[in-house]
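Asks: Let me see the structure of the following:
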Amino acid sequence: MTRHDTGAGRTAMVLYLAWLVSLVATLGSLWFSEVRGFVPCTLCWYQRILMYPLAIQLGIAAWRGDVSIIRYALPLTTLGGLIAAYHVLVQKIPDFGFASTCRSGVPCNAAYIEWFGWVTIPVLSLSAFVLITILLGAVAATRR
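Replies: The predicted model follows:
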């Protein structure tokens, strides 16, 4: 196997890992809402809107070995990460955020879960967006 082939194999593996993270995040959010019955707040919906397409796009890109997905996926992961980070702050800091963020339906500061005393659904979302962004950055770095 040549050095080029090894790099292509690593790239494919990293794309598959990014897809796996997005798939787990997508299925996890569906499990929380459809099985556990947790109603998503407005910020949760925004994060879902940005995560769900990644599960499809990254799956196709990983299967095809298409690294051009980076330019389409990074805006989704970056924006999703920013929204998730804001959501974490809304949950963790009392009176943080804009008053109009979640005025109807489920309040954005509600925490359905709090594993280990700090892991909430927005923390899980933020972790997924950051991990996917790092993995896509690693793919981009191997292309240079």
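Asks: pLDDT on the lengthiest helix in the chain, on average?
Replies: Ranked by residue count and defined by DSSP state H, the top helix of the chain is helix 3-30. Throughout helix 3-30, pLDDT has a mean value of 86.
Asks: Which neighbouring elements make contact with that helix?
Replies: Contact here means 3 or more CB pairs under 8 Å, 6 or more residues apart in numbering; DSSP states H and E; on that basis helix 3-30 packs against helix 42-64, helix 121-143. The C-beta positions use only the backbone N, C-alpha and C, and glycine is treated the same way.
Asks: Just put those in TSV and tack on mean neighbour count, mean pLDDT and distance to Ala85.
Replies: Rendered in TSV, the data for the helices and strands packed on helix 3-30 read as follows (neighbours: other CB atoms under 10 Å; pLDDT from 0 to 100; distance: least, CB to CB, whole Å):
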stretch	mean neighbour count	mean pLDDT	distance to Ala85
helix 42-64	19	96	11
helix 121-143	19	95	6
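Asks: Any idea which of these gets closest to Thr77?
Replies: Shortest distance between Thr77 and these, using CB to CB, is found for helix 121-143: 4.4 Å.
Asks: could you dump the helices and strands packed on helix 3-30 to CSV with distance to Leu79?
Replies: Formatted as CSV, the entries for the helices and strands packed on helix 3-30 read as follows, by distance: least, CB to CB, whole Å:
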stretch, distance to Leu79
helix 42-64, 6
helix 121-143, 9
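Asks: among those helices, which is nearest Val106?
Replies: For those, distance to Val106 was read as CB to CB. The smallest value, 8.0 Å, belongs to helix 42-64.
Asks: pLDDT score assigned to Glu34?
Replies: 96.
Asks: where does it land in three-state SS?
Replies: Assigned state for Glu34: helix (three-state reduction, DSSP: H, G, I helix; E, B strand; the rest coil).
Asks: give me the number of residues near it?
Replies: Residues within reach of Glu34, counting by other CB atoms under 10 Å, total 9.
Asks: what's the spacing between it and Pro40?
Replies: For Glu34, the distance to Pro40 under the criterion CB to CB, to the nearest Å works out to 11 Å.
Asks: same check, this time on Val123
Replies: Going from Val123 to Pro40 by CB to CB gives 15 Å.
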